[in-house]
Structures are given as C-alpha cells and as structure tokens.
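1. I'll drop the sequence and a predicted model, then ask my questions.
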Amino acid sequence: MLKSIYIKNFAIIEEVELEFSSGLNILTGETGAGKSIIVDAISIAFGERASSDLIRNGANKSIVECIFDLSNIKDKVDLSSFDEYLDGNELIIRREIPIKGNSRSFINDTPVPTSKLRELSDLLIDFLGQHEHQTLLYSSKQLRILDNFAENHSLISEYQQVLTELTELIYHLKEYNSKRDSLFDKKDDIIAKINLLNRVNPSPNEDEEINAKLKKIENAEFLSSLANELYNVVFDGDFSCYQQLHRAKKIIDNLSKYDDKFNEYDAEINSIAISLKEFSVFVKSFLDSIDFNPLEIEQLRERYSELKKIIRQFGSLENAIVARQTLRQEIELIDKFDEKIAEIKDKIVEKSRQLGNIAQKIDARRKEKSIKLSSEIVEKLKNLGIEKAQFEVSFTQSSANGFEEIFEQPCAIIEDNFYKTFSSGISHCEFLISTNPGFSVQPLKNVASGGEISRIMLAIKSIIAKADNIPLLIFDEIDTGISGKIAQKVAQEMKELSKFHQIIAITHLPQVAAAGDRNFIVEKIPLLDDTIVRSKALNAEEKVKEIAKMLSGEKISEYAIKNARELIKSVAYE
C-alpha cells in the first residue's frame, strides 16, 4: 500500500506530507483547494510527463516522494524486474523536477529512467476518473480484466508456453534458411577446399619435420665433411682424443706406482673414455644417415610448398585438419538442408494448430464470460445511478497471410484459417457502453463524462475485485452529477472495494466522505502575496465536523453534526 507522499514546491503546494492508511482514504475540501494537485503529484511520481511549469513560483525544483509498503502485495504483484532496486519491504519512489534540464527519477535512491516508474505504475496503481490517466480505457487492460473475470490464467499460461515454442521453431527455421543460403553461395569454395585438403592430406607438424629434413639433406656434403672431421678428432685418428686419452691412461698407471694419489683419477679417466666411445658411435651413425639424393630433395621441396599453401589458407596444419572435418559436415548439411527445413516447417504447422486450439478455448471462455460480466456491470451501474446503461464486449481478430506469414512470425491455425497471435491469444476486446437511452454502444474511451467513467470503473472494479491485483486505486470525480441514495450506493461500493484494494478518492459527497477509514482536508490558504495549499489527516471529531460542513455549508449546526455522526454510523454498519 501507499504509506505516504511528500510533496514540495509543486504547483501551489509549498510542502505537504500525508500518511495514508489501508482501506479507504478520502480527500475533501473546497472546489479549487488543490485536491487534484495531490493526485497529479502521485501521477508525476510514477512517470507522468513533467515540465518546469509545475514548479512553484520562486523555487528551484519540485520534489514528489511516495513510499510503498510491499509486505502484503509481493505475493500478488510480480516485481521481479525490479529486484535490483528493492531491499526489504519498503519501496521509495522519488521524482525531482528542476527549473532547467530533465527531471530525475529514483527507486530506493537509485537513479532510474522515467520509463521504470511508468512500469511500476502499471503494476501498483490504477487512476480512475481523468481520461489522461485512465489505464482501463485501453483495450489491452480491458482484455486482462476480462481474463481475470473468466479465470483464464491456466489456459493463457498454456497458450504462452506453446507460443514460446512456436517462436523458437520459427527462429530456427530462419537460422537454417540463412545458413543454407550462405552455404549454397560458398558451396563451390567449400568443395575446392575439401579437394585441396584431401589431395595434400597434411599430418600434424609435417611442415616442421620436412623443413628439418631439407636442411639436413641440402647441406649433406658440408655435414659429411664436418662429421668426418669430428669422428677423426674424437676417435679414429692417431692423435684423436680417444688415442691421446689411452696414452694418458698408461702414463697415469706408471705414475701411480710411485704415487697412489694418481689412482684416484683412474675411474674418471675410464668414464671419459667410455663417453668418447659412445659419442663416436653417435657421430658414425649420423655420417651413415647422410644420403645426398637430388630427386628426394625436389620431392620434399614440392611437398613443403604445398603445406605452406595450406598454412597460408588455414593458419596452421592443425587448423586445416580440423577444418576438413567441419567442411565435410557443412557439405553434408547442405545436402540435408531441404529435408531439415521441411521437417521444421511441418513442426511449425503442427504447433500453429496446437496454438489455435488453445486460442479457441480462450476465446470461447472470454465470450461466455463477457455476457455474464456485461450483465453484472449493467446491474451494478443501475445501483450507481446509471439506470439505462447498456454494456457489451466486442472482439476482433486479425487474419494472417497463410503460409506466406506463418513461417515468418507466430500464427494460429484454426480450421485451415490463419490468425495473427498476441501475448494472450488471437483476439483483442473492446468494452462498449451506452449510458443514455436511444444511443448505441460505443467504446468506453469515447464516454465524455469523467463522473460516469469513474462510476463505470467503480462498477468494473467491484465485480473483479478479488481477481484484480492492482493494490492502489485512485478515484477522481467519482461523485460528479450524483446525490442522495445514489451517493450512498457509491459510498457502499467504495467501502466494499476497499477491502480488496487501498483507495484514495477525491469527493464532494458527504456519504462517500463518511465511509473513509482515514480522511484528509485540503485547503487553499491565501497569503499577502502568495497562495499555498495545506493538507492534514482528520481525527474522529474533525471528520464529523468536515462532513457536517459538507452537509450544511460553512455554518455548521448541531443538526448537521448529528446527521454527520449518523451518516458515519450508517456506513460503518452497512
């Protein structure tokens, strides 16, 4: 519920803070006192268009702040899209309008785009009375009202699930069509690449192995000379390392006869000799491996050149090997595309028929319940003083262009007829009403009287009260053109409705004011060179006096006080 509103420097309001209760909150005051300004401030707080013209003369900016208690509505209203802003059960909405520049919007002190406030407004508030604030005048809202009344939630949920599945199928179809077109354009190039890779048939790291082999073969003569020289130096010549070491061994053996310390190096000399012999074997093996063959060199060079072409095209041999498998799969896919696309199209047709079947059930229930809703609204309007009202619900559907459209966007098929789809079915509805005898019904939005609209909305809201999840209703001009028994009926309906919704209502009717759970007086105070608006909550005695004033005028008699008390009691006991 809306706990409080704080308004500063807005229109002729200098500073006002009101704390609301659950149930029925009533704003009363003289005509032009500023009651509607408070309603306007709430609408501004929730994203209505704002301009610097709204700033009080002499001020730099206007501020409107609303505080909501979410503890009793979280299970009824889906606020999941606002999770990042919410912390606990308190929701603080603030709008600041500066003299220059754009207005600033906040949710729990976090700056947000104004569109976020409008999203919140759709979830939390219905403004009932003024045309520019009337959400119930829109066809989409009327359809939700009818679906709530018809209890279509499970059917619509089933419809939306199938609609999601159909949307995904169409997406996949478009994806396949796009990929098919792209691959067909590249088919010749893909085949050429596969043929190249099949002919060359590269192996991992083959280029590095061939490069190393070429270096060795191309330098065979030079390598052979060096290796021969190394072999002679190490092992084979009269003055090789091995022969010199052998001579050194004999000398050490003779010296050791005279000094035992030479024996300590005997093992190391033997180890060096073994290492030199092993090394000489490696060098001899290297020499034997050198084979200078011009034909082999040419073949290796040609192979290396082909591998380099592959590398330039694919980045590396490893990439080329992976690409060959991918390209083969793409060719296979091209060959199977028509088959796959036909399969998806069959699924789309089947899913469109399934969607049409559910949409039919939704429409049948809507039409059945619309008759009952119309009857109840007409009866309720009689009680609210609109005696000769007629009320109907019209339905419209939009045809789709058959198979030309069905594969482009979700459509429903019913008995081989194709229909455009919407989020909750294939139909739009429009509430039609006539409030005067002899006049045909017309769209609700065309009804001119603000008071009539408020009573019509009161009738609708009363009928769907338990199914409607909007927590706050704001009624303006609810009492235009009514009095007496009708006023009493309006008060009773509002009192009953306030069991299911918090209500803020502006009224000039004492009967409605008497029904209030919390009453506020709004007064315009003229100063020497200024005018301000003040508002405060009334205690029980002040409420009696205010209602007595509404009954008898400025001069309040004891009789008016008595009538006011009886009026309050009568509403309380209804």
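-> Perfect, I can see it now.
2. and residue 112, how many neighbours does it have?
-> Residue 112 is flanked by 19 other residues according to other CB atoms under 10 Å. Just so you know, the C-beta spots here come from the backbone N, C-alpha and C atoms, and that holds for glycine as well.
3. just the local confidence number for it, please.
-> For residue 112, the pLDDT comes out at 94.
4. what is the burial count for residue 72?
-> Residue 72 - counted by other CB under 10 Å - has 12 other residues nearby.
5. and residue 268, by the same measure?
-> Applying the criterion other CB under 10 Å, we find 9 residues in the vicinity of residue 268.
6. run the chain-centre distance for the helix or strand hosting it.
-> Assigned by DSSP states H and E, residue 268 belongs to helix 266-289. Here helix 266-289 is found 76 Å from its chain centre; the criterion is CA atoms, centre = their mean, to the nearest Å.
7. list the helices and strands that helix packs on?
-> Packing partners of helix 266-289 (3 or more CB pairs under 8 Å, 6 or more residues apart in numbering; DSSP states H and E): helix 220-231, helix 241-256.
8. average pLDDT for the helix or strand immediately after it in the chain?
-> Towards the C-terminus, the helix or strand next in line after helix 266-289, according to DSSP H and E, is helix 294-314. Along helix 294-314, the predicted local confidence has a mean pLDDT of 84.
9. before we move on, back to that, got the buried residues for the helix holding residue 268?
-> For helix 266-289, the buried set under the neighbour-count rule, 16 or more other CB atoms under 10 Å, comprises 272-273, 276, 279-280, 283, 286.
10. need the contact partners of it.
-> If you take CB atoms under 8 Å, 6 or more residues apart in numbering as the criterion, helix 266-289 is touched by 223-224, 227-228, 230-231, 234-236, 241-242, 245-246, 248-249, 252-253, 256.
11. repeat for stretch 397-414
-> 163, 166-167, 170, 173, 345, 348-349, 352-353, 355-357, 359-360, 417-421, 426-428.
12. quick one, which of those are buried?
-> Taking 16+ other CB under 10 Å as the criterion, what is buried in these is 163, 166, 170, 173, 345, 348-349, 352, 355-356, 359-360, 418-419, 421, 426-427.
13. what's the closest non-adjacent residue to residue 96?
-> Residue nearest to residue 96 in three dimensions, not counting chain neighbours: residue 104, with 4.6 Å by CB to CB, 6 or more residues apart in numbering.
14. residue 489 is in contact with residue 383, correct?
-> Yes - A contact is recorded between residue 383 and residue 489 when judged using CB atoms under 8 Å, the distance being 4.9 Å.
15. got any ranges where this structure has weak pLDDT?
-> Residues of the chain meeting the criterion pLDDT under 70: 129-135, 221, 291-294, 448-451, 466, 477, 572-574.
16. so for it, the centremost residue is which one?
-> Centroid-nearest residue in the chain: residue 81, 7.1 Å away (criterion: CA atoms, centre = their mean).
17. now do the contacts for that one.
-> The neighbours of residue 81, taking CB under 8 Å, 6+ apart as the test, are residue 119.
18. likewise for residue 357?
-> With CB under 8 Å, 6+ apart as the criterion, the residues that contact residue 357 are residue 414.
19. element containing it, please.
-> Assessed by DSSP H and E, residue 357 sits inside helix 317-383.
20. tell me the helix or strand right after that helix.
-> Taking DSSP H and E as the definition, the helix or strand that follows helix 317-383 towards the C-terminus is strand 390-397.
21. tell me the strands beside that next one, with direction?
-> In the sheet containing strand 390-397, its partner strands are strand 427-434 (antiparallel), by DSSP bridges.
22. within the sheet, what are the partner strands of the helix or strand following the partner strand, with directions?
-> Downstream of strand 427-434, the next assigned helix or strand under DSSP H and E is strand 442-443. Partner strands for strand 442-443, per DSSP bridges, with pairing direction: strand 427-434 (antiparallel).
23. tell me where the stretch 51-200 of the chain has strands.
-> With DSSP state E, counting those that start in this stretch as the criterion, the stretch 51-200 of the chain has strands at 61-69, 90-98, 104-107, 110-112, 125-128.
24. give me whichever of those is most buried.
-> strand 125-128 (a mean of 24; mean count of other CB atoms under 10 Å).
25. what packs against that strand?
-> helix 35-45, helix 450-463, strand 472-475.
26. of the ones you listed, which is nearest residue 77?
-> Using CB to CB as the measure, strand 472-475 is the one of the helices and strands packed on strand 125-128 that comes nearest residue 77, at 10.5 Å.
27. residues making contact with that closest one?
-> Contacts to strand 472-475, defined as CB under 8 Å, 6+ apart, come from residues 1-2, 39, 42, 124-129, 133, 454, 457-458, 461, 494, 497, 501-507.
28. buried ones among those?
-> Judged by neighbour count, with 16+ other CB under 10 Å as the criterion, the buried members of the contacts of strand 472-475 are 1-2, 39, 42, 124-129, 133, 454, 457-458, 461, 494, 497, 501-507.
29. domains of the chain?
-> The record assigns the chain these domain ranges, following automatic domain parsing: 1-136+449-538, 183-330, 539-574.
30. so what's the residue count around the nearest residue to residue 444 once chain neighbours are set aside?
-> Of all residues not flanking residue 444 in the chain, residue 431 sits nearest, at 4.4 Å (CB to CB, 6+ apart). Burial of residue 431, expressed as a neighbour count using other CB under 10 Å, amounts to 27.
31. how near is residue 431 to residue 201?
-> 75 Å (CB to CB, to the nearest Å).
32. try residue 38
-> Spatial separation of residue 38 from residue 201 under the definition CB to CB is 84 Å.
33. residue 191 now?
-> Using CB to CB, residue 191 is found at 16 Å from residue 201.
34. ok, residue 413 next?
-> Between residue 413 and residue 201 the distance, using CB to CB, works out to 52 Å.
35. ok, the two, which is more surrounded?
-> When residue 413 is set against residue 201 and neighbours are counted by other CB under 10 Å, the residue ahead is residue 413, at 22 against 12.
36. make sure that one is indeed in a helix.
-> No - counting by DSSP: H, G, I helix; E, B strand; the rest coil, one finds residue 413 to be strand, located in no helix.
37. what are the bridge partners for it, then?
-> Under the criterion DSSP bridges, residue 413 forms beta bridges with residue 418.
38. quick one: whichever strand or helix holds residue 5 to chain centroid distance?
-> Using DSSP H and E, residue 5 falls within strand 2-10. Taking CA atoms, centre = their mean, one finds strand 2-10 lying 30 Å from the centre of the chain it belongs to.
39. what does it contact?
-> 13-20, 37-38, 41-42, 44-45, 54-56, 59-69, 472, 502, 504.
40. cool, stretch 209-216 as well?
-> Among residues not part of stretch 209-216, those counted as contacts by CB under 8 Å, 6+ apart are 223, 290, 297, 300-301, 303-304, 307.
41. got TSV for those residues, with distance to residue 391 too?
-> Listed next are the contacts of stretch 209-216 as TSV, based on distance: CB to CB, whole Å:
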residue	distance to residue 391
223	105
290	106
297	99
300	94
301	93
303	89
304	89
307	83
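42. select only the buried ones of these in ChimeraX?
-> Only the buried members of the contacts of stretch 209-216 enter the following ChimeraX selection, criterion being 16+ other CB under 10 Å:
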select :223,300,303,304,307
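43. wait, which of the contacts of stretch 209-216 is closest to residue 113?
-> If you rank the contacts of stretch 209-216 by distance to residue 113 using CB to CB, residue 307 comes first, at 58.1 Å.
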